[in-house]
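Peer 1: Sharing a sequence plus its predicted fold:
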Amino acid sequence: MAESTEPRHPIRVVSQRTGLSTPVLRAWERRYQAVTPSRSEGGQRLYSDHDLRRLQLLATAVDGGRSIGLIADLGLTELEALIDEDRETPVHSVGAATAPDVRRVETALGMIGDLRVDELEHFLMRAAVELRPHELVEGLMVPLLQEVGRGWQSGRLAPSSEHLATVAMRRFLEWMAATNQSDRTAPLAVTGTPAGQRHEFGALLAGVIAAYEGWRVRFLGPDLPASEIASVARQLGAAMVVLSAVHPRMDAESAEEIVELRRALPSSVRLVIGGHGADPHRDRWRESGVLCFSSLSEFRESLGVPVNTK
């Protein structure tokens, strides 16, 4: 039976059923005319069954490695055929994580090396439209940040280039999290880094992932004592606290401070920590009820588990 063309699905329902964030849906409409939803009397977007099916197929095709700019004008039958073709040669992933987007990473590194910072920001914003959230974060931003760090440490990347790139990427990630905030009824996550940890990108990346998964997000910043984190989380009514510990590796005293933070938070609040600096203390934290993930993909998958409301 053909899909109905009667508009009846609000954008939030379409976002849930396609896995596409509302900013991406709007961008696909505006930039690529992927669909043209109707409007209610109050101005709310309303999508038909046909629109929904089309967006589901487009999302699946993009998830298979296709660029939205090249497939946005294809019909349903053509999209279905393309998806069938892609399934015969699936995108390869490393474990549960998304494989690095080598082409985009190399392009971005070239812009960084040439100090083309404005061009870099525009490039990242285009990628935000063309890629699914996990591809953007895990396939592009994570390996790009790693390569920038290696380039600076080895001397291949000038300090000025590293600094300008860092500022641009931080601004981009903050924009990503801010533009995808859910409504006020969604649970709140606060992200940051514990005392002694000044590398904030892990916390920013986790915030972007949480925002795309339907959480409201507030970034607390780096290098915060446990008492401050607990105080802010309680005042804001957070349902989850997400911490990143990348470098240096946390010592036993720092690890115990995370255990104390767990005790200071209500039992209904999730406490999550990740990063290479956190790895040595996974067993201790697990015993204390602290969730510790070794990758952003594991963290992303955990967000589908309902929030504890005991």
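Peer 2: Perfect, thanks for sending it.
Peer 1: Pull the number of nearby residues for the closest residue in space to residue 195 that isn't next to it in sequence.
Peer 2: Distances taken as CB to CB, 6 or more residues apart in numbering put residue 225 closest to residue 195, at 5.0 Å, once the chain neighbours are dropped. C-betas here are computed from N, CA, C, even on glycine. Using other CB atoms under 10 Å, residue 225 has 13 neighbouring residues.
Peer 1: Please tell me the pLDDT value assigned to residue 225.
Peer 2: Residue 225 is assigned a predicted lDDT (pLDDT) of 94.
Peer 1: same thing with residue 94?
Peer 2: The pLDDT attached to residue 94 in the predicted structure is 39.
Peer 1: what are the ranges of the helices in the stretch 201-310 of the chain?
Peer 2: 201-212, 226-236, 252-264, 282-288, 296-302 (DSSP state H, counting those that start in this stretch).
Peer 1: Next, the buried residues of the fourth one.
Peer 2: Under the neighbour-count criterion of 16 or more other CB atoms under 10 Å, helix 282-288 has 282, 285, 288 buried.
Peer 1: and what of the last one?
Peer 2: Within helix 296-302, the residues that qualify as buried by neighbour count (16+ other CB under 10 Å) are 296-297, 299-300.
Peer 1: Taking the residues you listed, tell me the two that lie furthest apart.
Peer 2: Distances among the buried residues of helix 296-302 were taken as CB to CB; the most separated pair is 297 and 299, at 7.2 Å.
Peer 1: In the chain, which residue is most central in space?
Peer 2: Most central in the chain under CA atoms, centre = their mean is residue 209, positioned 2.7 Å from the mean C-alpha point.
Peer 1: OK, contacts around it?
Peer 2: Contacts for residue 209 were tallied using CB atoms under 8 Å, 6 or more residues apart in numbering; they are 133-134, 137, 296, 299-300, 303.
Peer 1: can we see that at 10 Å?
Peer 2: 133-134, 136-138, 176-177, 189, 191, 215, 217, 242, 296-297, 299-300, 303 (CB atoms under 10 Å, 6 or more residues apart in numbering).
Peer 1: And for residue 29?
Peer 2: 11, 35-37, 45, 47, 51, 55, 72.
Peer 1: Just the pLDDT for residue 88.
Peer 2: We have a pLDDT of 69 for residue 88.
Peer 1: An error on my part: the question was meant for residue 298.
Peer 2: pLDDT for residue 298: 86.
Peer 1: shouldn't it be in contact with residue 134?
Peer 2: No - in this structure, residue 298 is not within contact of residue 134 by CB atoms under 10 Å, at 11.6 Å.
Peer 1: Tell me how many other residues surround residue 109.
Peer 2: The number of residues near residue 109, taken as other CB under 10 Å, comes to 20.
Peer 1: In a helix, it, correct?
Peer 2: Yes - remark: residue 109 belongs to a helix, assigned using DSSP: H, G, I helix; E, B strand; the rest coil.
Peer 1: where's it relative to residue 165, distance?
Peer 2: Per CB to CB, to the nearest Å, residue 109 is found 9 Å from residue 165.
Peer 1: which residues do these two both contact?
Peer 2: 120, 144, 148, 151, 157.
Peer 1: quick one on the thing from earlier: please dump the buried residues of helix 282-288 into JSON lines; it should also carry distance to residue 274 and pLDDT for every row.
Peer 2: Converted to JSON lines, those look like this (distance: CB to CB, whole Å; pLDDT from 0 to 100):
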{"residue": "282", "distance to residue 274": "10", "pLDDT": "86"}
{"residue": "285", "distance to residue 274": "11", "pLDDT": "85"}
{"residue": "288", "distance to residue 274": "16", "pLDDT": "92"}
